[in-house]
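**Student:** give the three-dimensional model of this entry:
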Amino acid sequence: MISSSEYVKENKDRFIDELLRLLKIPSISADPKYKQECLQTADEVKKALQQAGCQQVEVCETPGLPVVFGQILKDAQLPTVLVYGHYDVQPPDPMNLWNSPPFEPKVKKTQEHPEGAIYARGACDDKGQFYMHVKAIEYLTKTDQLPCNVKFMIEGEEEVGSENLEHFINANKEKLANDVILISDTGMIDKDTPTITTGIRGLSYVEVTVKGPDRDLHSGLYGGAVANPINILTQMIASLQDENNQITIPGFYDKVRTLSAEEKKLMEKIPFDVENYKSSIGIKDVHGEKGYSTIERNSIRPTLDVNGIWGGYIGEGAKTVIPSEANAKISMRLVPDQDWQEITRLFKDHFESIAPASVEVEVKPHHGGQGYVTPVDSIEYKAADKAFQETFDKPAVPLRSGGSIPIVSMFEEVFSSKTILMGFGLDSDAIHSPNEHFGIWNFLKGIETIPNFYHHFTELQQNG
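**Tutor:** Coordinates of the predicted model:
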């Protein structure tokens with residue numbers, strides 16, 4: 001019987017070529033100009049699922065971009081694994097920082113990836129990672145080794161908040177019914193450390209506008225007598241954190257869950273070198289909330305960050321104006337048990353309350369979601385751990401991630417099933433940034449490992 005590693009070796013060139021073709025399509029969900037490209041990508045995902053052996057595949061319409069559904073039903077008595085992924089990608093801006101065009105994928109060898117890495121927008125987040133699952137199912141179907149039922153739900157709006165997914169799920173509960181949800185939209189600590197992400201942070205994302213005069217004003221004639229919206233906005237933002245880098249919004253920390261003694265011990269086992277961390281992103285020192293380590297700051301503590309800020313004249317040369325308004329986009333990463341809608345309300349109330357009477361403030365909520373924690377003693381976690389042990393010859397490390405996948409908590413609420421996050425990317429893969437890439441070794445290792453999960457989960461589920 002052919003093993004997954006043997007199958008990967010025989011087909012790796014084809015797998016890579018197929019992924020490169022998928023990465024050429026600019027499926028940017030945030031920009032309506034790319035709607036047709038997103039629809040084209042959905043069709044390509046449909047074809048890939050059909051070729052992998054799915055019996056029923058369809059592109060399901062939503063009020064926004066479609067969801068691609070596929071399934072293989074072997075036996076109603078067998079457990080069902082639902083694979084989730086997304087085919088949409090982040091905008092590639094700023095374009096001038098890319099070393100090669102974002103939608104002309106290139107394979108480049110680096111010190112970290114001597115086998116080569118694919119450079120393209122979406123290479124790791126999430127086209128390369130969900131495509132591992134498609135190829136893993138191809139292996140299991142072509143070799144007649146699929147031990148359970150499998151369903152795919154690949155959406156096109158994850159990068160804009162999955163605003164239509166909850167409605168789609170609630171309208172298709174029976175179609176999507178499952179025993180476990182399997183996702184690869186996270187990463188590993190390093191290539192030698194298999195990692196199961198056991199926690200992700202929630203998210204509240206808002207846009208703020210500070211309005212002053214009804215038009216741009218001459219800064220000489222009006223400067224010093226009229227509030228400058230940019231000055232006011234930056235002062236307001238600066239006040240949102242104190243000298244210890246703690247967030248000053250009243251009630252912000254009220255529901256933050258503290259770690260248990262067991263969870264703290266698990267965190268201490270995570271291999272982490274702060275010097276390597278600093279050098280990997282080109283900084284001289286770390287920064288964050290006083291009293292917490294770097295690995296705690298970016299996983300188990302909430303944050304507030306300005307993601308974009310603009311206003312006034314930013315063209316070439318000088319133009320001395322007091323702008324009529326200034327704007328910023330702000331994200332807050334949240335931890336259990338913070339509720340993203342409550343945090344959004346707290347932010348809005350506080351930000352409006354600290355505005356001086358000389359300006360008007362508008363807070364526009366965008367999207368958000370809850371955090372999520374997977375128990376390490378569950379059947380689902382044990383199956384993932386066994387899967388990693390087979391291909392890495394060592395147990396997986398549980399890791400609380402700083403990122404957000406807002407729909408995960410909603411999955412458990414709707415389906416009453418756990419989610420397992422088996423990611424194969426690396427922190428250095430530059431997701432959401434210029435020069436995003438995904439190691440070929442990581443891509444192929446995922447295809448080799450994922451089939452093991454199906455076997456171990458089915459065995460553990462049937463044996464109780």
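
**Student:** tell me how far stretch 162-172 lies from the chain's centre.
**Tutor:** Chain-centre distance of stretch 162-172: 18 Å, with C-alpha atoms, centre = their mean, to the nearest Å.

**Student:** would you mark the buried spots in that stretch?
**Tutor:** 162, 164-166, 168-169 (16 or more other C-beta atoms under 10 Å). For the C-beta atoms, the positions are set from N, CA and C on the backbone; glycine is no exception.

**Student:** go on, stretch 56-76?
**Tutor:** Taking 16+ other C-beta under 10 Å as the criterion, stretch 56-76 shows 57, 59, 62, 64-72 as buried.

**Student:** pull up the distance across that stretch, start to finish.
**Tutor:** 16 Å (C-alpha to C-alpha, to the nearest Å).

**Student:** strands - which of the buried residues of stretch 56-76 land there?
**Tutor:** Among the buried residues of stretch 56-76, the subset assigned to strands under DSSP state E consists of 57, 59, 67-72.

**Student:** name the SS class of Lys175, please.
**Tutor:** Of the three states, Lys175 takes helix according to DSSP: H, G, I helix; E, B strand; the rest coil.

**Student:** okay, now it: neighbour count?
**Tutor:** Using other C-beta atoms under 10 Å, Lys175 has 15 other residues around it.

**Student:** what sits against it?
**Tutor:** For Lys175, the contacting residues are 69, 151, by C-beta atoms under 8 Å, 6 or more residues apart in numbering.

**Student:** the one 3 residues further on too?
**Tutor:** In this structure, Asn178 makes contact with 80-82, 151, 415, 417, judged by C-beta under 8 Å, 6+ apart.

**Student:** which elements pack onto the longest helix seen in the chain?
**Tutor:** Using DSSP state H, we find that the single longest helix of the chain is helix 440-462. Counting by 3 or more C-beta pairs under 8 Å, 6 or more residues apart in numbering; DSSP states H and E, the packing neighbours recorded for helix 440-462 are helix 4-23, strand 80-86, strand 117-119, helix 127-142, strand 180-183, helix 379-392.

**Student:** quickly find the element holding Ile344.
**Tutor:** Just to correct that, residue 344 is Thr rather than Ile. helix 340-353 (DSSP states H and E).

**Student:** and that helix, what's buried?
**Tutor:** 340, 343-344, 346-348, 350-351.

**Student:** so what touches that helix?
**Tutor:** Defining contact as C-beta under 8 Å, 6+ apart, one finds that helix 340-353 is touched by 202-204, 206, 208, 236, 240, 248-252, 255, 330, 332, 334, 361, 363, 365, 368-370, 406.

**Student:** sitting in strands, which of those residues do you find?
**Tutor:** 202-204, 206, 208, 330, 332, 334, 361, 363, 365, 368-369.

**Student:** now, among these, which is nearest to Asn435?
**Tutor:** Minimum distance to Asn435 across these is 24.3 Å, recorded for Leu203 (C-beta to C-beta).

**Student:** OK, contacts around the closest residue to that closest one other than its chain neighbours?
**Tutor:** Nearest non-adjacent residue to Leu203, counting by C-beta to C-beta, 6 or more residues apart in numbering: Ser404, 4.1 Å away. By C-beta under 8 Å, 6+ apart, Ser404 lies in contact with 200-203, 333, 369, 371.

**Student:** 6 Å - rerun?
**Tutor:** By C-beta atoms under 6 Å, 6 or more residues apart in numbering, the contact set of Ser404 is 200-201, 203.

**Student:** tell me how far it lies from Arg121.
**Tutor:** To Arg121, Ser404 is 19 Å away according to C-beta to C-beta, to the nearest Å.

**Student:** ok so Thr198 is a strand residue?
**Tutor:** Yes: assignment of Thr198 by three-state DSSP places it within a strand.

**Student:** do I have it right that it meets Thr374?
**Tutor:** Yes: the pair Thr198 / Thr374 is scored as a contact, 4.7 Å apart, by C-beta atoms under 6 Å.

**Student:** the more surrounded of these two?
**Tutor:** Neighbour count, other C-beta under 10 Å: between Thr198 and Thr374, Thr198 has more, with 24 against 21.

**Student:** low-confidence ranges, the protein, go.
**Tutor:** The chain contains residues with pLDDT under 70 at 464.
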